[in-house]
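Asker: The following comprises the amino acid sequence and a computationally predicted model.
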Amino acid sequence: MADLETFRREARAWLEANCPAEMREPVRDESDYCWGGRNPLFKSDAQKAWMERMAARGWTVPDWPREYGGGGLSPAETKVLRQEMAAAGARNPLMSFGISMLGPALLKYGTEAQKKRFLPEIARGEIRWCQGYSEPNAGSDLASVATKCEDRGDHWLVNGQKVWTSYADKADWIFCLVRTDPEAPKHKGISFILFDMRTPGVSTKPILLISGNSPFCETFFDDVKVPKDQVVGEVNKGWDVAKYLLGHEREMISGMGLGGTGESLGAALAERLKDDPILRADVARFDVDAMAFRAMSERFIDELKAGRAHPAQPSIMKYAGTELNKARHELIMAAGGSGALEWESERSKGGKAPREWLRTKANSIEGGTSEIQLGIVAKHILELPGT
Amino acid sequence: MADLETFRREARAWLEANCPAEMREPVRDESDYCWGGRNPLFKSDAQKAWMERMAARGWTVPDWPREYGGGGLSPAETKVLRQEMAAAGARNPLMSFGISMLGPALLKYGTEAQKKRFLPEIARGEIRWCQGYSEPNAGSDLASVATKCEDRGDHWLVNGQKVWTSYADKADWIFCLVRTDPEAPKHKGISFILFDMRTPGVSTKPILLISGNSPFCETFFDDVKVPKDQVVGEVNKGWDVAKYLLGHEREMISGMGLGGTGESLGAALAERLKDDPILRADVARFDVDAMAFRAMSERFIDELKAGRAHPAQPSIMKYAGTELNKARHELIMAAGGSGALEWESERSKGGKAPREWLRTKANSIEGGTSEIQLGIVAKHILELPGT
Amino acid sequence: MPLYLTDDQAMLRDTAREFMAAEGSIAKQYRKYRDMNCKDGFGHALWKQFGEMGFTGILIDEADGGLGLGHVEAGIVLEEIGRNLTPSPFLVTAVAVVEALRGTRHGERWYPGILAGETVAALAVDEGSKHRPEAIAMTAERSGNGFRLSGRKQFVVQGASADVFVVAADTTDGLTLFSVEKGTKGLEIEGVRLADASIGARLEFDRVEVDADAVIGEVGRGRDVLRRVLNAGRAGAASELVGVGSQAMAMTVDYLKQRKQFGRLIGEFQALQHRAAHLYSELEIARAATLKAQQLLSEDAEEADMMVSVAKAKSGQASALAVQEGVQMHGGIGMTDEYDIGLYMKRDRVLNELFGDASYHADKVARLNGY
Amino acid sequence: MPLYLTDDQAMLRDTAREFMAAEGSIAKQYRKYRDMNCKDGFGHALWKQFGEMGFTGILIDEADGGLGLGHVEAGIVLEEIGRNLTPSPFLVTAVAVVEALRGTRHGERWYPGILAGETVAALAVDEGSKHRPEAIAMTAERSGNGFRLSGRKQFVVQGASADVFVVAADTTDGLTLFSVEKGTKGLEIEGVRLADASIGARLEFDRVEVDADAVIGEVGRGRDVLRRVLNAGRAGAASELVGVGSQAMAMTVDYLKQRKQFGRLIGEFQALQHRAAHLYSELEIARAATLKAQQLLSEDAEEADMMVSVAKAKSGQASALAVQEGVQMHGGIGMTDEYDIGLYMKRDRVLNELFGDASYHADKVARLNGY
């Protein structure tokens, strides 16, 4: 424990000395995030310096082994570092699907060569990754992967289409589920493959949502040649890797506090509720639900930390949190009235309210629909018989 | 039309002359109904006289043929008679499952001998009938009849148990579904049989509900011998008769105005809503739902009259009406607070409010659960694929 | 009157349904005018066709060249408009404003253009972001022979292309409605694109001078006229909502019959079946309530106010449920602009706000019932 | 403090669970005392056992002979009481009244009997049919050396068998709490059987004279004590509701795994699965909110008032959903007195009313948040 305190003091001092003042201001919008990549777009010198300094210490991925570009910290030290970063108001130096999704999969399933090759680049923010799971006809049934991947002796040949690929148009590499055995049962013929988005035959097309522009793309593979050593884990056992990552993703989403911060919505809308008694009642009920949900989030985090959360608990968090978030934005729209319907005006900041409202409708679809989550709870917690 | 006006004048005059003043007062409670039977319990001479006078004219069943004890009236005349009875405030002279349920089945499926034997008694209120459909393990799956009925040459032998038999302890005869062919598919081995409740081997036991005493009974058959001529319709085709009756029942239930009269609940509770803004909001929403539902009820009745209602429409009426009625009593309980929790006190009329509230919980179970109704709508109106 | 459509009404429905599906379709109207970023938000050619079809004259008396029909018939057309998200001035011009001008000289002035599908007329009532017609702050002071109007209005639907506005203002002795033409000095109009690509407008009245002639009906007696106008508009919006919700449901039910997941049609999943059946029930209730309200309105019955509020609240709830279930059951593609279901969600939201949302009307029902 | 049970708390839960299932079961307690039409509505023998188990001393300081534990621990016992519908004075006596008497001479007087499971003490706050502690009408006028109490109370849980009452009255300079013993002249008690077979009481105070000693705490300063007492009671009732709802759900889920309809276990029907999973989620949220409220109470934190209202409202909603789904999913047998599920519905209703229902507490949350 004494060592931990020493570490805390040193981390605090280092952050004090190395985190630029600009990087201690709260993030204002999406564009303030640093995503790295081959041709990184830095918004400021401070942003660049901050990422590079953190990467140099391995602190973009503090708990990864040093040999792969990580900080080599213990879980306890990692926690202390995060606490100190939070205390200093330091921004996340690097947003990255490589860090949050691919990294853990490589650490668990990658060959030594793959780890050495890919992890350090991720840690340094040199390669930006995207995720190719969903397909146009798959929806909730993620394992119904149709993208073909044929063994052509000295390479794989990939043909097919992915959808909902976040930032595919900005990513350098993709990790993706492909079908390597069309004859095998659904879950048994899938592999987890990596390739460069510059490979001939790869193209992307952004998806326009009802809320407006989005980071999502359709991604097309037309005779894409992939080197043989770029499959992670065993061929035809990619579903294991995918499941492992999905678990990670669900925890992440359920930890995102989609249900809100626990601040009272009614307090924020008070002025507008004065002459709207029915809406006031709805908001009061919502506040009860949101504050109660917040307690469950806290409990979930505490239980996670203590390693005693039920493995299906993230499903409840995701279900309840996303439904609550949708309800929140319905109420915000109702309180905003016709003013909140403006779609383009400056007054409405380009339709911030209605676009956010519409965007929340995807919360209960992406990352496993509400129906999927309820099914998981029914099966794995309530142990109701399968159909 | 001229004839109809003549009929109206005559009916009015007759009612004026023959309906005792006491029988024009609104019914106060269950015990004011006249049920007839072998040992009829008349509450007053007026009640007896009223039933007998109406029966003598065949007006207890105005649209049945005269030969079976009915009034022989046309549908238009029947409607006029009902209008005049309503205008005079005349009570229903005879409550009877024989009239509302068995009669229509006999008229459609009975032999001439059966009609002659049973219908006039029903019309005159001389025999009180009960219905034996449900069984302990059947629930919503009415066709899973297990009560055995064996052909013993000169008689049927019935063994088994029924449940939810209304007034079985007060009834003279029962009409009942029994399994005559245990080998046939579920719907194909059922027969519709009639027998005297005094037959040796028949016993009944009242069911205590969470709301208190109830008219429901468990009914037991232990080697009950039934004459061979007491099956209605063909042997093993009793499900057709049952379905015909269930259709009748559903229409009756959906026409019962379970959703309420359209009177504002909030108006009745106004005083109690003054310092309860959240409850007021709930009641306001309820009033919107109830008045809107009332419009659908009106439409349904108009469409029924015009013969243009969708055959699955009663399912919507039943579903929405019963759910609404449950909601109404939840609100009444909330408005009544701790006063409405009293179960036995005189002040609370023996717990009228909580007993009614609990009784409404059965609305969405009896006569086809809400789940069954939703399934019917999904299948027959939305034409969603079966599972 | 039985609570279903008469034969004539059913015929009108068939006509309107066929016409709107052919001429007023999402591809031909909604997407076209949205994607060209049209400042009016609708097609004037279609508006003329509405005139040719006789739709614009439904609520205009026969003596004035109209069809002299009622609110049920207007609702029939609006339900089809709702189904197709057809952008047009029908609701505000041919329903609300026509009701406002009934029996006045202003009617003589504007009805011909409306009948022809040439004139666009808008209603300027709301002043804040919520519909609060009980509290009109815009003032109209006497000034010379006429009045001077000062104040703001917002959510003036089709206000960007309107030739004339019906404006509610406070004349100290009560509420008065005025007819104010486009281009009147001191009147500034800002067209505002809304979430559903329709155009609302914000109006600024900076001491706008109008003649005494501009008064619709009597000075200080506008409250009664406004009541009629809002009832007409609310019942009409309820019909449009029923149309929006019904079509959203129909598209969703179709999708449930086509889309496979886990090797089965998703329409086989019982949880979705029950939710779809519940939704159907809600929409049927909303439709019946709306028809009832329109019959009462046409009979000028006392209970009309109450039933109109019931209809607007209930159809708003049912339609909102339809679009929410619609997007959720469509899954990811329901979120894309490429599919139509999301457009229904946007339109539903705007119609829910128009003429008072479900909360406003539930509160009104409570107040009318004395609690 | 992490938001889950510590090892000690988990041990207490296991003990309480085992004890209540064995000794406090529906057959042994609820049905027994109901069916004998017991005037007290609970068994005194069990109350003594509560004392022997140490439950009655959970909230009493160690210096006073108790265990000196907190609201989380009281909630643990109450959740098990809820699961078994165990009738007892635990909530009103060992939680609410114990909190009221803390640090007063009255505590010295009554704690020993409570610790032993011999004394029953009740709380007399409500005056009308709804919980409105903000508006206490009962008066306590100064009279000689003491006070004269006049007015009525109702929904005094265990009032029929209470040895002493904690009574809230208006002393013009504020609210004052009094300790009034059974048998005091002018105090009339009417035991009232409620829907769940528990006994509430109506109390009539006809110029009841009490000494100055009867004052709990300071004259005119009862509002603060009452706040603590009600917070304790509300959080406790929330725990009991979570227990009621959890057991109703557990029985229902078991039933879904056993009952066949149409040749399948009804638990296979997806519509029921989703509803059951939603219910589970609601109950987990309620449980977490209740635990959070109790932690805050034990820390004497500022946000405790708010979170207690959140917990009472949420657990009330979740438990009501559990019993409604429970009866519906059990079908006909759920309506019979023979099965236990209906008893849960009755108990839920009473607990929902006790110390303010979900509407009261949602309104309170709104007011605490300034709207």
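Answerer: Happy to help now that I have it. Numbering: from 1, shown residues only, chains lettered A, B, ... in the order given.

Asker: Before we move on, what's the pLDDT of residue A:256?
Answerer: We have a pLDDT of 55 for residue A:256.

Asker: Residue A:81 too?
Answerer: Per-residue pLDDT puts residue A:81 at 94.

Asker: quick one, strands of the chain?
Answerer: Let's take chain A. A:129-132, A:148-151, A:155-166, A:173-179, A:190-196, A:202-206, A:216-227, A:231-232 (DSSP state E).

Asker: To clarify, I was referring to chain C.
Answerer: Using DSSP E, strands in chain C cover C:121-124, C:139-143, C:146-153, C:164-170, C:175-181, C:187-193, C:199-210, C:215-216, C:260-261, C:264-265.

Asker: highest average neighbour count across the ones you listed?
Answerer: strand C:121-124 (a mean of 28; mean count of other CB atoms under 10 Å in any protein chain shown). Bear in mind the C-beta positions are built from the backbone N, C-alpha and C, glycine included.

Asker: Look up phi and psi at the residue lying farthest from the centre of chain C.
Answerer: Among residues of chain C, the one most distant from the C-alpha centroid is residue C:263; the distance is 42.9 Å, by CA atoms, centre = their mean. In terms of degrees, to the nearest 10, the main-chain angles of residue C:263 are phi 80, psi 10.

Asker: could you measure it against residue B:172, distance?
Answerer: 56 Å (CB to CB, to the nearest Å).

Asker: ditto for residue C:123
Answerer: 68 Å.

Asker: Show me what from the stretch 1-150 of chain C comes close to chain B.
Answerer: Where the stretch 1-150 of chain C comes near chain B, counting by CB under 8 Å from any CB of the partner chain, the residues are C:2-4.

Asker: Need the buried ones from those residues selected in PyMOL.
Answerer: A single PyMOL command is used to select the members of the residues of the stretch 1-150 of chain C next to chain B judged buried by 16 or more other CB atoms under 10 Å in any protein chain shown:
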select buried, chain C and resi 3+4
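
Asker: from the residues of the stretch 1-150 of chain C next to chain B, which is closest to chain A?
Answerer: Minimum distance to chain A across those is 27.5 Å, recorded for residue C:3 (CB to the nearest CB).

Asker: so how many other residues sit close to the closest residue to that closest one other than its chain neighbours?
Answerer: Nearest non-adjacent residue to residue C:3, counting by CB to CB, 6 or more residues apart in numbering or on different chains: residue B:299, 4.0 Å away. Per other CB atoms under 10 Å in any protein chain shown, the neighbour tally for residue B:299 reads 22.

Asker: how about residue B:299, what does it touch?
Answerer: Residue B:299 makes contacts with C:3-4, C:288, C:291-292, as judged by CB atoms under 8 Å, 6 or more residues apart in numbering or on different chains.

Asker: what about residue 137, how many neighbours?
Answerer: No chain specified, so I'll use chain A. 13.

Asker: actually it's chain C I care about, not the one you picked
Answerer: By other CB under 10 Å, neighbour count at residue C:137 equals 12.

Asker: I'd guessed it sits against residue C:175; true?
Answerer: No. At 11.3 Å, residue C:137 does not count as touching residue C:175 under the criterion of CB atoms under 8 Å.

Asker: Test for you: state the pLDDT assigned to residue A:251.
Answerer: So residue A:251 comes in at 61 (pLDDT).

Asker: Quick one: residues contacting residue C:128.
Answerer: Here residue C:128 is in contact with A:337, A:339, C:154 (CB under 8 Å, 6+ apart).

Asker: Turn these into a markdown table, including pLDDT, neighbour count and distance to chain D.
Answerer: Shown next, in a markdown table, are those (pLDDT from 0 to 100; neighbours: other CB atoms under 10 Å in any protein chain shown; distance: CB to the nearest CB, whole Å):
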| residue | pLDDT | neighbour count | distance to chain D |
| --- | --- | --- | --- |
| A:337 | 98 | 22 | 16 |
| A:339 | 97 | 20 | 19 |
| C:154 | 98 | 22 | 24 |
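
Asker: So which of the residues you listed is the closest to chain B?
Answerer: Looking across the contacts of residue C:128 and measuring by CB to the nearest CB, the closest to chain B is residue A:337, at 18.0 Å.

Asker: can stretch C:350-361 be found next to chain B?
Answerer: Yes. Counting by CB under 8 Å from any CB, chain B has neighbours in stretch C:350-361: C:358, C:361.

Asker: Quick check: residues of chain A near chain B?
Answerer: Chain A comes close to chain B at residues A:277-278, A:280-282, A:284-285, as judged by CB under 8 Å from any CB.

Asker: And the pLDDT for residue A:51?
Answerer: 95.

Asker: Can you give me the neighbour number for it?
Answerer: What residue A:51 shows, counting by other CB under 10 Å, is a neighbour count of 23.

Asker: Distance check, it against residue A:96.
Answerer: Distance from residue A:51 to residue A:96, by CB to CB: 10 Å.

Asker: go on, residue C:119?
Answerer: Counting by CB to CB - residue C:119 and residue A:96 are separated by 59 Å.

Asker: got it, and residue C:345?
Answerer: Distance of residue C:345 to residue A:96, computed by CB to CB: 33 Å.

Asker: same check, this time on residue A:192
Answerer: 18 Å.

Asker: what do you get for residue A:21?
Answerer: 24 Å.

Asker: ok, those two, which is more surrounded?
Answerer: For residue A:21 and residue A:96, the more surrounded residue by other CB under 10 Å is residue A:96, and the numbers stand at 24 against 8.

Asker: So that one sits against residue A:122, correct?
Answerer: Yes. Here residue A:96 reaches residue A:122: they are 6.5 Å apart, a contact under CB under 8 Å.

Asker: Where does pLDDT dip in the chain?
Answerer: You didn't pick a chain, so chain A it is. A:1-2, A:249-262, A:387 (pLDDT under 70).

Asker: The chain in question should be chain C.
Answerer: C:1.

Asker: buried stuff in the longest helix anywhere in it?
Answerer: Longest helix in chain C, counting residues (DSSP state H): helix C:222-258. Of the residues in helix C:222-258, C:222, C:225-226, C:228-249, C:251-253, C:255-256 count as buried by neighbour count, 16+ other CB under 10 Å.

Asker: now do stretch A:367-376
Answerer: Buried residues in stretch A:367-376, defined by neighbour count with 16+ other CB under 10 Å: A:367-376.

Asker: can I get these in TSV with distance to residue A:114?
Answerer: Shown next, in TSV, are the buried residues of stretch A:367-376 (distance: CB to CB, whole Å):
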residue	distance to residue A:114
A:367	26
A:368	28
A:369	32
A:370	36
A:371	36
A:372	31
A:373	32
A:374	37
A:375	34
A:376	31
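
Asker: Hmm, residue B:296 and residue C:284 touching each other?
Answerer: Yes. When contacts are counted by CB under 8 Å, residue C:284 is listed as touching residue B:296 (6.0 Å).

Asker: Out of the contacts of residue B:299, which is nearest to chain D?
Answerer: Out of the contacts of residue B:299, the member with the shortest distance to chain D (by CB to the nearest CB) is residue C:288, at 25.6 Å.

Asker: The closest one: how many residues sit nearby?
Answerer: 25.

Asker: about what we covered before: which ones among the residues of chain A next to chain B map onto helices?
Answerer: A:277-278, A:280-282, A:284-285.

Asker: and those residues as CSV, adding distance to chain D?
Answerer: Formatted as CSV, these follow (distance: CB to the nearest CB, whole Å):
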residue, distance to chain D
A:277, 11
A:278, 13
A:280, 6
A:281, 7
A:282, 10
A:284, 4
A:285, 5
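
Asker: Domains in the chain, by residue range?
Answerer: Since you didn't name a chain, this refers to chain A. A:1-95, A:129-236, A:257-381 (the TED database).

Asker: wait, I meant chain C there
Answerer: Split by the TED database, chain C gives C:7-120, C:124-219, C:223-369.
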